[in-house]
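Undergrad: just the structure for this:
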Amino acid sequence: MTRAITCLIPAHNEAARIAGVLAAVQGHPMISRIIVVDDGSKDDTAAIAGAAGVEVLRLMPNRGKSAALAEALSRVRTSHVLLLDADLTGLTAADLSRLIAPVVGGGADVSLSLRGNAPFLWHWLGVDYITGERVLPMWLITPLVRDIGALPRFGLEVFLNTHIQAAGLSVAIVRWAGVASPSKAQKSGWRAGIRADIGMLRDILRTVSVATTFEQIAYLRRAAPRLGSQRDLRHSGPTLRERLLRVIKGVQRQRDRETHSDATR
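TA: Numbering: from 1, shown residues only. The predicted structure is shown next:
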C-alpha cells in the first residue's frame, strides 16, 4: 500500500455538476487515482466522467451512497482515501490541498470539511459531523468495508464517526468558505427535498442513536482544535452541551411528528 491518496466520488444523477468537481481533482499532485461511482444514474453522469478520463464504476440499479462507496473502497490500494460529494460547486485544487495536508503532514489522523453554505447550526457548533468530504486512513476503513456495504443509504458518515471516536483519532476541521453543495430541495424540488431530508434523518437514526449523535459532535469538536479564523466557541455564548441539547430536542420533535403522521394515515 503506497502513501498516496485515492479520491472516491459517489454520484447519482450529477451530470450538471460533476465536471466542476473533476476539474479540481484531476492533476492534483496528492491524488494518485480517481474513481467515480455512478450509482444507477439516469443522466449522463457516467459519460461525463468517462470523457474526463477518470475511472468509472457503474452500479445498476441505484444502491445508495453507503453500498456504492463500499464497492469502491474495496478497490483502494493507497494509504488514504479522499471522499468527495459529486455536487460541489466552487471547489478548487487549493481547497483539496488544505483538506489533505493536515493528514499527509501528520497534523491530524482525519480531516473533515466545513463548507461555506453548510447549515448555520454546523458553523455555530464548529463542525459538520455528516460532511461527505473527508480524508481517512485506509487502515481504519479496510476492516469496515463489508459493514459499510450493509449500512442504510445515508448511514455512512455517522458510522465512520463512531469508528473515528472509538480509535481516538485526531481530527482537522477545514473551512471551505467558497465551496457549496445544493440542498436536496434545490436539486429535486421542495416536496421531494423534504422527503429526502427526512429519509436521510431516518437512516442516520437507524445507524446511531440520538445520544450517540450528541457524543459524536462533542468528540469531533474536542478532537478538532484547528478551526482556521473561527473564534473558539467554547468561550462565549451558550455552552456546547446547551447547543447540542437543542439539536437533539429538534430531532426528537421531528421523529414525534413523523410517528404521529404515520399513526393517522
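Undergrad: does T142 count as helix, strand or coil?
TA: The three-state assignment at T142 reads helix, by DSSP: H, G, I helix; E, B strand; the rest coil.
Undergrad: residue ranges in the stretch 151-265 of the chain under the pLDDT threshold?
TA: When residues are selected by pLDDT under 70, those of the stretch 151-265 of the chain lie in 184-186, 188-190, 193, 225-265.
Undergrad: mind listing the strands for the stretch 1-150 of the chain?
TA: With strands called from DSSP state E, counting those that start in this stretch, the stretch 1-150 of the chain shows them at 2-11, 31-39, 55-59, 78-83, 110-115, 134-137.
Undergrad: now for the longest one, which elements pack on it?
TA: Same thing as strand 2-11. Contacts defined by 3 or more CB pairs under 8 Å, 6 or more residues apart in numbering; DSSP states H and E place strand 2-11 against helix 18-25, strand 31-39, helix 45-51, helix 65-73, strand 78-83, helix 93-104. All C-beta atoms are positioned from the backbone trio N, CA, C, and that covers glycine.
Undergrad: go again using 7 Å as the cut-off
TA: helix 18-25, strand 31-39, helix 65-73, strand 78-83 (3 or more CB pairs under 7 Å, 6 or more residues apart in numbering; DSSP states H and E).
Undergrad: got the contact list for L91?
TA: By CB atoms under 7 Å, 6 or more residues apart in numbering, the residues touching L91 are 20-21, 24, 179.
Undergrad: which one of those sits in the busiest neighbourhood?
TA: Counting neighbours by other CB atoms under 10 Å, V21 comes out on top of the contacts of L91 with 24 neighbours.
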